[in-house]
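In: Dropping the sequence and predicted coords here.
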Amino acid sequence: MRNAVTRVLALRMWLAERFRPGEATVMLAWAALVGVLGGISGPAFRRAAQGVQWLFTQSGASLQIAAEGLPWWQRLLVPALGGLVAGLVLQYGIRLARGKKARDYMEAVTVGDGVIRARPALVRITSSLFSVASGGSIGREGAMSQLAALLASQVGKLGRLPRARLRLLVACGGAAGIASAYNAPIGGALFVAEVVLGSIAMESMGPLVVSAVLSTIVTRATLGDLPLFQVRDFEFVSAFEIATYLGLGLVAGVLAPIFLWLLEQSTRFFQAWSVPLWMRLAAGGLIVGVLSIQHPYVWGNGYDALRLILETSWVWSALFVLLAFKLVATLATVGSGAVGGVFTPTLLVGAAVGALYGGPVHALLPSVTGGAHSYAVVGMGAFLAATTHAPLTAMVILFDMTLSHDVVLPLMLACVAAYGASKALRKESIYARVLHQGEEPEPRLSTMLVRDLVKPDPPRVREKDRFDLIAATFARHQHHNLYVVDDAGRFRGVIPLHDIKAHLHDERLASVVIAEDLLKEEFPMIGPDSTLEEALQKFSKHPGERLPVVEPEGGWLVGSITKTDLLLTLAHEVGANAEPRRAPAA
């Protein structure tokens, strides 16, 4: 038995000396698993939506094309029926969820502990499925991200990850969902880093990138690897266009707060009705149905309309009508309480604004400006930057979606201008309203202590334990230091992994050695009521990954704190507090 244990330990030491897999590497492995799950769950949601759509329309084509092939009365009724079913699922699904609140993944990351309850989340995802599949003017990326984040939360709970890493893993699920929805790995990672975490620290950015990349790879294996939008001959004709694209950014920055205000007013309008939730969602769907009699392209998230704006030339009046109809449909769907994303509808509004702006500009200055379709592409990014307050994400995700290098320079300029103008007019982004309200948030950086991050029951041995037990404990865990306590549980010191090399192949010596003989008493430790700043100072002088947490009075070993959890918490809280995230008053 001793030979087998010592051989395992000797092999582990050899691997540790060369590769040293630490907490960061383990976190990347968890992120990779979540990315694969996100790449599977995204296409699965698409397939489910297509199945429900077929039940409503008997068509497997895109929603807008399916709507064109239906008689007027069916265009009218399908969105209303879908809203009715989605509302019933929400209203009566509360019983299945036992009255528990469904936590959005952004909320679980920014002000929560990373835990997303499965039942209420699945109720909302199912409701979103019916809204999306019946023509509701709302995006599927919200449900896809929520589903991937839910899977990430369940994986993290099974792996017993501490709070800081569980929140990061849920954020990885959100990045995987966005990447799967838009075939945009870089944009998905940056979206969550910039919008949700508020930080691009490497401790969090690495796992986000891994999840987004793996999700995209799996999704492309299922759905293909073409960019989401095909941009025809983007034109950056002359240096003079710097001024016109800057103007587009400013226009988008002024219009975006109006768009967000309209969303809020629509929500207040529907909530003022003293009717059941299912009736509000049915009414929102009915409004979409009425609009679709005249303009079937109001169905769905607007992907087909976006594609047409980018690929064909529209008459200015027709484009204005499309924008007006689609805007009303989105306000009705979102305001009525339908569950889903507003990412793609926002892109459509931006594209329409860009084309409406670019058409007259090109007509007045045909020799020095590009066509309306070029301004439509930049308008998408500018309006996205203005509504999300995330200009870097807008730049990158538009490049991910189009894979057009020519768009980068004007896009960067317009996104920054749009962000600046929008931020001056409105402090909250489009995602402020999904953040947590009504409960006490998790402790913030200024009030957090070491005990908030402590991991209980670290691997330990008693001071009289023999070498066999010490070796077996080392072999079961990935730690490089084993804590030693006395019979009362008081901390005595540590046994470094490398200090037991001499005993691995000397069975005679190993048979008489006990923990006390290998003990290293001088080892840094920290109290549970110490501040995170004090912990950071301790780690700055200690190369290891963990520190023992010891009660100063009595000397009892409480647990351990890891450098990874500390750095993740610091990065997350600094990003979250860099700008107050307040939801608008109801």
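Out: Cool, the structure landed.

In: ok, the nearest residue to residue 490 once chain neighbours are set aside - how many residues close by?
Out: Closest residue to residue 490 apart from its sequence neighbours, by CB to CB, 6 or more residues apart in numbering: residue 555 at 4.3 Å. All C-beta atoms are positioned from the backbone trio N, CA, C, and that covers glycine. Neighbours of residue 555 under the rule other CB atoms under 10 Å: 15.

In: Could you report the separation of residue 555 from residue 549?
Out: Separation of residue 555 from residue 549 (CB to CB, to the nearest Å): 12 Å.

In: quick one: the helices in the stretch 51-200 of the chain?
Out: According to DSSP state H, counting those that start in this stretch, the stretch 51-200 of the chain carries its helices in the segments 63-68, 72-96, 105-110, 118-133, 141-158, 163-182, 185-191.

In: between these, which one is nearest to residue 513?
Out: helix 163-182 (35.4 Å; CB to CB).

In: Please give the centre-to-centre distance between that closest one and its chain.
Out: In terms of CA atoms, centre = their mean, to the nearest Å, the centre of helix 163-182 is set 4 Å apart from its chain centre.

In: Output that helix as PDB - backbone C-alpha positions only.
Out: Taking Å, rounded to 0.1, in the frame of the first residue of the first chain, the C-alpha atoms of helix 163-182 are listed here in PDB:
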ATOM      1  CA  ARG A 163     -18.500  32.500  -4.500                       C
ATOM      2  CA  ALA A 164     -16.000  34.500  -6.500                       C
ATOM      3  CA  ARG A 165     -15.300  31.700  -9.000                       C
ATOM      4  CA  LEU A 166     -19.000  30.700  -9.200                       C
ATOM      5  CA  ARG A 167     -19.800  34.200 -10.200                       C
ATOM      6  CA  LEU A 168     -17.100  34.200 -12.800                       C
ATOM      7  CA  LEU A 169     -18.300  30.800 -14.100                       C
ATOM      8  CA  VAL A 170     -21.800  32.200 -14.500                       C
ATOM      9  CA  ALA A 171     -20.300  35.100 -16.400                       C
ATOM     10  CA  CYS A 172     -18.500  32.600 -18.600                       C
ATOM     11  CA  GLY A 173     -21.900  31.000 -19.300                       C
ATOM     12  CA  GLY A 174     -23.300  34.400 -20.400                       C
ATOM     13  CA  ALA A 175     -20.300  34.900 -22.700                       C
ATOM     14  CA  ALA A 176     -20.800  31.500 -24.200                       C
ATOM     15  CA  GLY A 177     -24.500  32.200 -24.800                       C
ATOM     16  CA  ILE A 178     -23.700  35.500 -26.600                       C
ATOM     17  CA  ALA A 179     -20.900  33.900 -28.600                       C
ATOM     18  CA  SER A 180     -23.300  31.100 -29.700                       C
ATOM     19  CA  ALA A 181     -26.100  33.500 -30.600                       C
ATOM     20  CA  TYR A 182     -24.000  35.800 -32.800                       C
END
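
In: export the helices of the stretch 51-200 of the chain to CSV and tack on mean neighbour count and distance to residue 465?
Out: Output for the helices of the stretch 51-200 of the chain, formatted as CSV (neighbours: other CB atoms under 10 Å; distance: least, CB to CB, whole Å):
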stretch, mean neighbour count, distance to residue 465
helix 63-68, 22, 66
helix 72-96, 21, 50
helix 105-110, 26, 41
helix 118-133, 24, 41
helix 141-158, 26, 30
helix 163-182, 31, 30
helix 185-191, 28, 45
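
In: Out of those helices, name the one with the poorest average pLDDT.
Out: Note on those: helix 105-110 shows the lowest mean pLDDT, a mean of 79.

In: Could you report the separation of residue 279 from residue 365?
Out: As judged by CB to CB, residue 279 and residue 365 stand 51 Å apart.

In: With residue 62 instead?
Out: Using CB to CB, residue 62 is found at 36 Å from residue 365.

In: Looking at those two now, which is surrounded by more residues?
Out: Using other CB under 10 Å as the criterion, residue 62 and residue 365 rank with residue 62 on top: 17 against 14.

In: isn't the more buried one right next to residue 305, touching?
Out: No. With contact defined as CB atoms under 8 Å, residue 62 does not count as touching residue 305 (10.4 Å).

In: Could you list the domains of the chain?
Out: By the assignment in automatic domain parsing, the chain contains the domains 23-223, 241-438, 445-572.

In: In a markdown table: those domains, plus distance to residue 230.
Out: Listed next are these as a markdown table, based on distance: least, CB to CB, whole Å:
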| stretch | distance to residue 230 |
| --- | --- |
| domain 23-223 | 12 |
| domain 241-438 | 7 |
| domain 445-572 | 38 |
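
In: right, so of these, which gets closest to residue 229?
Out: Closest to residue 229 of those, according to CB to CB: domain 241-438, at 5.3 Å.

In: Need the contact partners of stretch 318-326.
Out: 137, 291, 294-295, 297-298, 302, 305, 309, 314, 345, 348-349, 352-353, 355-356, 359 (CB atoms under 8 Å, 6 or more residues apart in numbering).

In: Pull out the buried residues from those.
Out: 137, 291, 295, 297-298, 302, 305, 309, 314, 345, 348-349, 352-353, 355-356, 359 (16 or more other CB atoms under 10 Å).

In: and residue 92, what is it in contact with?
Out: Counting by CB under 8 Å, 6+ apart, residue 92 touches no other residue.

In: how close does it get to residue 103?
Out: Residue 92 is 20 Å from residue 103, where distance means CB to CB.

In: Can you tell me the closest non-neighbouring residue to residue 460?
Out: Closest residue to residue 460 apart from its sequence neighbours, by CB to CB, 6+ apart: residue 483 at 4.3 Å.

In: Next, count neighbours for that neighbour.
Out: Neighbours around residue 483, by other CB under 10 Å: 23.

In: Contact partners for it?
Out: Residue 483 sits next to 458, 459, 460, 461, 491, 493, 494, 548, 557, 560 when contact means CB under 8 Å, 6+ apart.

In: low-confidence ranges in the protein?
Out: The chain contains residues with pLDDT under 70 at 1-22, 97-100, 102, 231-232, 433-447, 478, 501-511, 571-586.

In: what residue is smack in the middle of it?
Out: For the chain, the residue nearest the mean C-alpha position is residue 174 (2.7 Å; CA atoms, centre = their mean).

In: Roughly how far does that one sit from residue 339?
Out: Look at residue 174 and residue 339: by CB to CB, they are 16 Å apart.

In: ok, now residue 460?
Out: 47 Å.
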